[in-house]
Structure formats: C-alpha cells, structure tokens
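A.B. asks: Quick one: sequence plus predicted model below, questions after.
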There are 2 protein chains.
Amino acid sequence: MSIVECHDGRMSLRHAVLGMLADEPGSGYDLLKRFERAMASVWPATQSQLYGELGKLEAAGMIHVLAEGPRGRKEYEITEAGLEELRHWLVDVDPGGPPRSAGLLRVYFLGSVSPAQARGYVASMGESARAREERLHELEASIDWGDDNQSVYGRLVLEWGKRFSVMQREWAEWAVKQVE
Amino acid sequence: MSIVECHDGRMSLRHAVLGMLADEPGSGYDLLKRFERAMASVWPATQSQLYGELGKLEAAGMIHVLAEGPRGRKEYEITEAGLEELRHWLVDVDPGGPPRSAGLLRVYFLGSVSPAQARGYVASMGESARAREERLHELEASIDWGDDNQSVYGRLVLEWGKRFSVMQREWAEWAVKQVE
DNA sequence: CGCAGACGTTCCAATTGTGACAGGTCGAAA
DNA sequence: TTTCGACCTGTCACAATTGGAACGTCTGCG
C-alpha cells in the first residue's frame, strides 16, 4: 500500500488541482483565483480546501515547489507522478451518474404546497436558467478563444453549460403548464 | 435562536426525509427502500444518514413516532412543525445554481491526454447518457401514472431526467466532432 | 427444529466541504 | 510616513457525506 493509494472514491478536488497545475504552474492564491473565475459553476473550492490539498499533494510527490516568490509565495508545478495520476483519473472512466440536485429534489415534494406556489417555484427555476443562459453568452463573447487545449476544452464545457441552461428553461416552461 | 435554526446552508437530506414522510408515514427501513427506488439518481442516501436524520428530526419535533411494529420498527409521521419547515424550504427559493459535476470537470482537463483518449472519454459520456435515456424510458413505461401529487411531480422529475440525458448525448456527439 | 434471509436499528471512523479567523508581506497612494 | 488594499499562507471547528460493521428480531421453508 504505497502513498499513492487507490482511493478510487471521489476526491475530485485533488484532480481539479492537478489539472489546473498541469495547464500552468501557480501558487495557492493563483489557483483560488482561477477556481473562482473559470470553474465556479463546475467545481467550487474554498481556500481552506486548496491549501490543504496542495500540502497533501506535495507530500505525496505529485507536485513540487518550482520557485518561491515575494511574500512566502510558493509556486507549484505538477510532477511526472502527478501527471500520471491525472491521466489515470481521466482515462479510468466511470464518472458516476448525474450528481444530486437540490433543485430537482424540491420538485419531488411540490405536492406539499399549493399548486400556485409549485408553479411559482418551477417558474423561478426557468428564470434562473434564462439568466444563466445570458451570463454564459456574455462570457463567451468576452473571451478571446485560441486554438490551445484550454480554449478547445473550455469551449466544450461552456457549450455544455449553454445547452444545459436551455434545456432547463424549456423544461420549466413545459412544467409550468403541467401544473394545472 | 430556536431549535428550528435557520441553517440556510444545504442539508437537503433533512428535507428529503421530511418530503417522503409528508407523502406517507414510514420507518427508516421503508425510507431506505423508497430512496433506492425513486430517488437514487437525484439524492442518494445511505442508512446511516437516514437513521441519523430521523433521530435529529424527532428530537427537533418535526416528526414523531406514529406506531411501533414487530422488530422495534418505528413508523414515523411528519408533524405540523415538520410540514411547516418543509414548506418553508420549498418556498424560500434560491436552489443555488447547477451542482458540481465530476464529469464536466474532467472535460476541462482533457488537454492532458491524447486527442484520441479525449475523444474516447467524451464518447463514453454520450454512451452513458444514451443508456440512461433508455432506462428512463423503461421506467416511465413500467409505472402506472395516476393523477395524485406524487404522479404529477414525479413525472416532472422524470421528464427532466429524460431531457437532461438527451442534451448530454447530443452534446457529446457534437463535442466528439470538435476534438479533431 | 434450525437456519437463511429479510427486516430493522444503531454506532463509528474517515473524508470532504464550509466559514471564520490569524497572521504576514509588499506596493502605492495620501 | 502612514496607511490601505491586494497578495499570500495557513489553522481551527463544525457540518455533511460516505461506508461499513455490529447486532437483535421476525418469517418462511426444508
């Protein structure tokens, strides 16, 4: 049982960090910013988690300190072992079904409130989907897309978000009519 | 600060339990079965969680023991306070954006593996979506839908699942072409 | 009878996520 | 010069989630 245990269960944060560092080295602070900017809607992370993970990853030899900056800044770089772990995670599939959704859970129980309230709730789901749709369109327009990997795969994720939002909005419109 | 604190943060399991009991009284074991059958893909729960929540909910006065059965079986029923809490949760909206998705997270980092592998991964996402699509269609056919609340709102959730699966499959088909 | 298997509850240990807090360094503007 | 905001690292306590083990009770069956 080596340090690189095969905890095949979740812990995707670890891989999120590895993935960001695989793209480009950076400090914990950098990663925090990158998480906020690019992945807030896919995999939010707090500072506590990030620094904790960085410490564990370094101990496990998956990343190492590339350089130290002004204020104790530690710039991390992914190691060969880290890259291997990342690829292993990416290839050994089984993303495990759709994740839990508090929004949908609520729909199950809408029988406990009045039809009018239920309709209101579903409508608000549609509205928030529409708002997300707009935000994503703006985001798309504000980024200058290149041909690098990050652009290609980032575009894939963005497109997914757009399609998801459209689906949710259309579903909500349909659902409002059903609750009558 | 009453027992019914306003921990507005998550903890949807509590409300999932309340929702199930609002629909129909039952024991922990019953709920476990119902969770497996109806909500496995929306909000999975384990026995540890269920029994724990039941204890806390009883202590908080949101449910009470309706009857005791053969093997120490305790059949719970939701109380007025519990119903109120459930409705409060349903109405005080803000479901909080789309949840984290390990599947999408991976897409971000596909630049770390070969295009062929990336294409393979995206294709597998499409395939699993297609499989889910089929399962849901079978599920739909196997249920005899009535006009009760459970049927109406259950149908809404099912439809959401179907649309989600279709979206994901179509996205995957599109994405495979992009990775070239 | 004896026992497999469903029923039913309870406890525990480990991991992960959240939010607040504590502290230190640097650059630039007032 | 002082002060402020951005930078940068870390720790703590708590809640939520997961997974498994332990343990007793009833029912049906050979």
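C.D. replies: Right, received. Where do you want to start?

A.B. asks: neighbours around the closest residue to residue A:26 other than its chain neighbours, how many?
C.D. replies: Closest residue to residue A:26 in three dimensions, ignoring its sequence neighbours and counting by CB to CB, 6 or more residues apart in numbering or on different chains: residue A:75, at 6.3 Å. Where C-beta positions appear, they are placed from N, C-alpha and C, glycine not excepted. By the criterion of other CB atoms under 10 Å in any protein chain shown, residue A:75 has 15 neighbours.

A.B. asks: OK, contacts around residue A:75?
C.D. replies: Counting by CB atoms under 8 Å, 6 or more residues apart in numbering or on different chains, residue A:75 touches A:25, A:26, A:27, A:30, A:65, A:66, A:67, A:68, A:69.

A.B. asks: do the same with residue A:127
C.D. replies: Contacts of residue A:127 (CB under 8 Å, 6+ apart): residue A:172.

A.B. asks: Which one (most neighbours) among the contacts of residue A:75?
C.D. replies: Going by other CB under 10 Å, residue A:27 tops the contacts of residue A:75 with 21 neighbours.

A.B. asks: what does the lowest-mean-pLDDT helix or strand in chain A contact?
C.D. replies: Considering only helices and strands, the least confidently modelled element of chain A by mean pLDDT, DSSP states H and E is helix A:102-108, at a mean of 87. For helix A:102-108, the external contacting residues (CB under 8 Å, 6+ apart) are A:121-122, A:125, A:175, B:10, B:12, B:15-16, B:19, B:38-39, B:42-43, B:89-90, B:95-96, B:99, B:153-154, B:156-157, B:160.

A.B. asks: ok, now with 6 Å
C.D. replies: Identification of contacts with helix A:102-108 by CB atoms under 6 Å, 6 or more residues apart in numbering or on different chains yields A:125, B:12, B:16, B:42, B:43, B:90, B:95, B:153, B:156, B:157.

A.B. asks: near DNA strand D, from those?
C.D. replies: Of the residues in the contacts of helix A:102-108, proximity to DNA strand D by CB under 7 Å from any atom of the strand holds for residue B:12.

A.B. asks: Start and end of stretch A:32-51, how far apart?
C.D. replies: Start-to-end span of stretch A:32-51 (CA to CA, to the nearest Å) is 9 Å.

A.B. asks: now what about it, what contacts it?
C.D. replies: In this structure, residues lying in contact with stretch A:32-51 by CB under 6 Å, 6+ apart are A:13, A:16, A:20, A:28, A:31, B:97, B:100, B:104, B:105.

A.B. asks: go on, stretch A:137-149?
C.D. replies: A:151, A:158, B:111.

A.B. asks: What are the buried residues along whichever strand or helix holds residue A:172?
C.D. replies: Using DSSP states H and E, residue A:172 maps to helix A:149-178. The neighbour-count criterion (16 or more other CB atoms under 10 Å in any protein chain shown) identifies A:149, A:152-154, A:156-169, A:171-172, A:175-176 as the buried residues of helix A:149-178.

A.B. asks: same question, stretch A:14-25
C.D. replies: For stretch A:14-25, the neighbour count (16+ other CB under 10 Å) marks A:14, A:15, A:16, A:17, A:18, A:19, A:20, A:21, A:22, A:23, A:25 as buried.

A.B. asks: Tell me the spacing between the second one and residue A:161.
C.D. replies: Here residue A:15 is placed at a distance of 20 Å from residue A:161 (CB to CB, to the nearest Å).

A.B. asks: what angle separates the helix or strand that the least confident helix or strand of chain A is followed by from helix A:149-178?
C.D. replies: If you walk from helix A:102-108 toward the C-terminus, the next helix or strand you reach (DSSP H and E) is helix A:115-142. Calculated by axes from the mean of the first three to the mean of the last three CA atoms, to 10 degrees, helix A:115-142 forms an angle of 160 degrees with helix A:149-178.

A.B. asks: In helix A:115-142, which residues are buried?
C.D. replies: With the criterion 16+ other CB under 10 Å, helix A:115-142 contains buried residues A:118-122, A:125-126, A:128-130, A:132-133, A:136.

A.B. asks: Check which residues of stretch A:53-62 are buried.
C.D. replies: Of all the residues in stretch A:53-62, those buried under the rule 16+ other CB under 10 Å are A:53, A:54, A:57, A:58, A:60, A:62.

A.B. asks: And for stretch A:75-83?
C.D. replies: A:76, A:78, A:79, A:81, A:82, A:83.

A.B. asks: Could I get the average pLDDT for it?
C.D. replies: Average pLDDT, stretch A:75-83: 95.

A.B. asks: near DNA strand C at all, it?
C.D. replies: No - contact check for stretch A:75-83 against DNA strand C, using CB under 7 Å from any atom of the strand: none in range, with a minimum separation of 14.6 Å.

A.B. asks: so how far does that stretch reach from one end to the other?
C.D. replies: The distance separating the two terminal residues of stretch A:75-83, taken as CA to CA, comes to 17 Å.

A.B. asks: and the buried residues of stretch A:75-83, which of them are in strands?
C.D. replies: The strands in this structure, assigned by DSSP state E, contain A:76, A:78 from these.

A.B. asks: Just the closest of the buried residues of stretch A:75-83 to DNA strand C, please.
C.D. replies: Closest approach to DNA strand C among the buried residues of stretch A:75-83 (CB to the nearest atom of the strand): residue A:82, at 15.8 Å.
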